[in-house]
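A.B. asks: Just a sequence and a predicted model for now, questions to come.
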Amino acid sequence: MKLDVLAIGAHPDDVELGMGGFLLHMKALGYTTGIVDLTRGEMGSRGTPEIRAKEAEAAGRLLGVSVRKNLDLGDGHLELNLANRHALAYALRELKPTFIVGPYFNDKHPDHAAAGAIMKAASYDARMAKLELGLGLPPHSCRMLLHYPCHIYVTPSLVVDITPYLEQKMAAVRAYKSQFGESNADYDSDYVHIGITDYILHIKSRCGHFGSLIGVSYGEGFFCQDPLRVHDPYYLLKGVLKN
Ligand SMILES: [Zn+2]
């Protein structure tokens, strides 16, 4: 297994919400993609871990990923510690991704913030030659780290046009029927999502906002902590020109 892109989420559904379009786009360009969820979402107000696992499998199929793993590191108390870093570092050595993309490390939800921090630390751990993580897997260096915002806005370093993939992304989100009903009528009458009752509308609106920043209908924004190294600045135009 050698992935081009690995998407990381704190809970099953984070990846679909934050970067489902990115994965669909990369797959369409011919890159191999995969997902690692750090927890089973067992603390979610709705559904069960078993239901979430089935939904995650269906959503992964809709996104066309080659592999989806769950590290089961504990929903609701995900934290940056050595055991969690090493669990993800092991997965990085196993899947050998070039790109890794995970939640923004200053997110409001503590699990999302922890997932972003674990990802940054694990990418270092995975490449340490003298760190033995089991089964003799060789060190692995990820070449690029990006972060997607979840419950907080962050000015993106780059925006990917996902206009052709919006409906496929939303289908993958809706695969989590236990989390996102088909309409507001499916929600318990006293259940209110954080800040908005129609989460599907919320997600589409956010994609619309990111799209507006680059002059397209829908986009997904990503934050890159490090400056991007560019050899030929003219190459940046290729993203604009598509060729
Ligand atoms: Zn989440």
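C.D. replies: Perfect, I can see it now.

A.B. asks: quick one: the strands in this protein?
C.D. replies: Ranges of strands within the chain are 5-9, 33-37, 67-70, 99-103, 144-148, 158-161, 219-222, based on DSSP state E.

A.B. asks: Of the ones you listed, flag the one that's most buried.
C.D. replies: With neighbours defined as mean count of other Cβ atoms under 10 Å, the strands of the chain peak in mean count at strand 5-9, which reaches a mean of 28. Where you see a C-beta, it was placed from the backbone N, CA and C, and this is true even at glycine.

A.B. asks: How far off centre is that one?
C.D. replies: Computed by Cα atoms, centre = their mean, to the nearest Å, the chain-centroid distance of strand 5-9 equals 5 Å.

A.B. asks: Which strands border it, and is each parallel or antiparallel?
C.D. replies: strand 33-37 (parallel), strand 99-103 (parallel) (DSSP bridges).

A.B. asks: Identify all contacting residues around the last one.
C.D. replies: It refers to strand 99-103. Outside strand 99-103, the residues that touch it by Cβ atoms under 8 Å, 6 or more residues apart in numbering are 4-10, 14, 18-19, 22, 92, 112-113, 115-116, 119, 123, 142-150, 222.

A.B. asks: May I have the phi/psi pair for the one residue in the chain that gets nearest to the ion?
C.D. replies: Going by Cβ to the ion, the ion is nearest to H11 of the chain, at 3.7 Å. Here is the backbone geometry of H11 (degrees, to the nearest 10): phi -120, psi 150.

A.B. asks: mean confidence score for the longest helix seen in the chain?
C.D. replies: Secondary structure assigned by DSSP state H gives helix 110-127 as the longest helix of the chain. In this model, helix 110-127 has a mean pLDDT of 97.

A.B. asks: Which strands and helices lie in contact with that helix?
C.D. replies: If you count contacts as 3 or more Cβ pairs under 8 Å, 6 or more residues apart in numbering; DSSP states H and E, helix 110-127 packs onto strand 5-9, helix 82-95, strand 99-103, strand 144-148.

A.B. asks: Out of the ones you listed, which gets nearest to F210?
C.D. replies: Among these, the nearest to F210 by Cβ to Cβ is strand 144-148 (10.1 Å).

A.B. asks: Could you save the strands paired with strand 5-9 as JSON lines and add columns showing distance to R85 and mean pLDDT?
C.D. replies: Output for these, formatted as JSON lines (distance: least, Cβ to Cβ, whole Å; pLDDT from 0 to 100):
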{"stretch": "strand 33-37", "distance to R85": "13", "mean pLDDT": "98"}
{"stretch": "strand 99-103", "distance to R85": "13", "mean pLDDT": "98"}
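
A.B. asks: Same list, those strands, but as JSON lines with distance to L228 please.
C.D. replies: Listed next are those as JSON lines, based on distance: least, Cβ to Cβ, whole Å:
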{"stretch": "strand 33-37", "distance to L228": "21"}
{"stretch": "strand 99-103", "distance to L228": "13"}
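
A.B. asks: Output those in CSV; the columns should cover distance to the ion.
C.D. replies: Putting the strands paired with strand 5-9 into CSV (distance: least, Cβ to the ion, whole Å) gives the following:
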stretch, distance to the ion
strand 33-37, 9
strand 99-103, 8
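
A.B. asks: Contacts only, for I214.
C.D. replies: Contacts of I214 by Cβ under 8 Å, 6+ apart are V159, D161.

A.B. asks: which phi and psi does it have?
C.D. replies: Dihedral angles (degrees, to the nearest 10) for I214: phi -120, psi 10.

A.B. asks: and it, what pLDDT?
C.D. replies: For I214, the predicted pLDDT is 95.

A.B. asks: Kindly report the same for G221.
C.D. replies: 98.

A.B. asks: Do I have it right that it meets C150?
C.D. replies: No - if you go by Cβ atoms under 8 Å, G221 and C150 don't touch, sitting 11.6 Å apart.

A.B. asks: For this structure, give me the ranges with low pLDDT.
C.D. replies: Of all residues in the chain, those with pLDDT under 70 make up the ranges 181-197, 239-243.

A.B. asks: Lovely, talk soon.
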